[in-house]
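*Asks:* Got a predicted structure plus its sequence, pasted below:
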Amino acid sequence: MSKSTPGPWKVATHYSDPNAYDIESEAGTKITRGYWGTAACADARLIAAAPDLYESLLALCRALAIDSRFEDVRKTQTEYLCALVKDGFDALSKAKADA
């Protein structure tokens, strides 16, 4: 699998079709095109936010994985946090082949 187009991405109405939108990088690289509809606006915003969401989740998982402040937290809370970190890393792996 190839690497994704670097973010940030944005949603823009297609230049010649007001019923369509493009997801594009700041450099103008077209990521995908869709058509406005019931869920299209929310889907487009989520797709455009993907690079930022990925980077934020990666930073959070890395911070929680090594943060020693959680040593004095009750065991069940620590296990819960560890499960969340694992889920976060699983989601990151699913999103990027090179994660």
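*Replies:* Noted; the coordinates are in hand.
*Asks:* Start and end of stretch 11-26, how far apart?
*Replies:* Its start and end residues considered, stretch 11-26 measures 10 Å (CA to CA, to the nearest Å).
*Asks:* Sort out which residues of that stretch are buried, please.
*Replies:* Val11, Tyr21, Asp22, Ile23, Glu24, Ser25 (16 or more other CB atoms under 10 Å). Quick note: C-beta positions are derived from backbone N, CA and C, even for glycine.
*Asks:* go on, stretch 37-47?
*Replies:* Ala44, Ile47.
*Asks:* Gly7 versus Tyr54, what's the distance?
*Replies:* 8 Å (CB to CB, to the nearest Å).
*Asks:* do Val85 as well
*Replies:* For Val85 relative to Gly7 (CB to CB), the value is 23 Å.
*Asks:* what do you get for Ser56?
*Replies:* Distance of Ser56 to Gly7, given as CB to CB: 11 Å.
*Asks:* Could you check which of the two is surrounded by more residues?
*Replies:* Remark: of Ser56 and Gly7, Gly7 carries more neighbours, 17 against 11, as counted by other CB atoms under 10 Å.
*Asks:* got the contact list for stretch 44-52?
*Replies:* If you take CB atoms under 8 Å, 6 or more residues apart in numbering as the criterion, stretch 44-52 is touched by 4, 6-11, 21, 23, 31-32, 34, 95.
*Asks:* State the pair within the residues you listed that is farthest apart.
*Replies:* Tyr21 and Ala95 (21.5 Å; CB to CB).
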